[in-house]
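K.L.:
okay, sequence plus prediction incoming.
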Amino acid sequence: MGAGSDFEIEVMSRLQMELQSGALGILPESARIYHQRAYRVPTQKSPMKVDVALEVFRAGAAEPYFRWIWECKSSLYAVKVDAVREFHARLEQIGADTTKGTIVSRGPFQRGALEQARAWGIGVAVMRPSGQLVHVYESRVPGGRAEVEAGICAESPLIVRAPFLGLTGDGIPAESFEAFVRHGLRADALLHGG
């Protein structure tokens with residue numbers, strides 16, 4: 001497998017661990033996690049594939065009432081605003097009212113990409129391989145939104161002693177994959193009355 005596919009499987013595995021542990025507040029039997037999930041969309045002849053998808057089902061339902069789509073960027077280059085725009089368009093085609101999206105990257109994000117993601121409620125995160133730092137930070141642990149944003153922004157990187165930094169779709173900073181996923185699901189449940 002290539003680096004991109006390996007990264008997608010790593011993200012999927014982390015989601016599966018959180019689901020199985022019960023930490024997401026979702027019964028494992030009511031959710032499914034997919035790698036390279038294909039969705040039929042009316043505007044395309046062939047199905048649209050996504051890197052990782054978490055789907056949550058109500059009892060007895062054939063269709064999910066909630067989808068969380070993850071776009072995985074394994075490159076160390078900064079994620080550009082065009083990538084955010086393209087991802088947003090894909091989310092809209094899959095199902096705007098029932099779909100949440102997150103872009104997780106090995107590299108940083110351009111400031112414009114962060115601003116566009118925030119405007120559309122798309123979560124963004126930088127996840128390094130175990131043991132690697134996002135950046136090198138001097139004496140304190142980031143905690144505020146501005147510090148986390150600076151830690152994942154290509155134009156103003158902070159040095160951070162953490163393998164993960166993220167901003168949820170509603171702008172809440174997270175310093176671990178687990179906190180990012182838990183908050184993202186809580187926020188969506190409040191928004192959709194789940």
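P.N.:
Received, thanks.
K.L.:
what's the closest non-adjacent residue to residue 107?
P.N.:
Closest residue to residue 107 apart from its sequence neighbours, by CB to CB, 6 or more residues apart in numbering: residue 76 at 4.1 Å. To be clear about C-beta, it is placed using only N, CA and C from the backbone, and glycine gets the same treatment.
K.L.:
could you point out the longest helix in this protein?
P.N.:
helix 3-21 (DSSP state H).
K.L.:
what about residue 178, which SS state?
P.N.:
At residue 178 the chain is in helix, as set by DSSP: H, G, I helix; E, B strand; the rest coil.
K.L.:
try residue 92
P.N.:
Local secondary structure at residue 92 is given as helix here, using three-state DSSP.
K.L.:
ok, the residue lying closest to residue 79 once chain neighbours are set aside - contacts?
P.N.:
For residue 79, the nearest residue in space outside its immediate sequence neighbours is residue 109; the separation is 4.6 Å by CB to CB, 6+ apart. Contact criterion CB atoms under 8 Å, 6 or more residues apart in numbering gives 78, 79, 103, 117, 124, 126, 152, 153, 154 as the residues in contact with residue 109.
K.L.:
restricted to strands, list those.
P.N.:
Using DSSP state E to define strands, the subset of those located there is 103, 124, 126.
K.L.:
just those residues now: which is nearest residue 182?
P.N.:
Nearest to residue 182 among those is residue 124, at 16.6 Å by CB to CB.
K.L.:
what is that closest one paired to in the beta sheet?
P.N.:
For residue 124, the beta-bridge partners under DSSP bridges are residue 103, residue 167.
K.L.:
ok, it touching residue 115?
P.N.:
No. Between residue 124 and residue 115 there is no contact under CB atoms under 8 Å: 10.5 Å.
K.L.:
compare neighbour counts for those two and give me the winner.
P.N.:
Between residue 124 and residue 115, counting by other CB atoms under 10 Å, residue 124 is the more crowded of the two (29 against 15).
K.L.:
any idea how far residue 66 is from the more buried one?
P.N.:
For residue 124, the distance to residue 66 under the criterion CB to CB, to the nearest Å works out to 20 Å.
K.L.:
same check, this time on residue 6
P.N.:
Distance, residue 6 to residue 66, by CB to CB: 27 Å.
K.L.:
thinking again about what came up before, what is the neighbour count of the residue nearest to residue 107?
P.N.:
11.
K.L.:
before we move on, what about residue 89?
P.N.:
For residue 89, using other CB under 10 Å, the count is 11.
K.L.:
nothing else from me, thank you.
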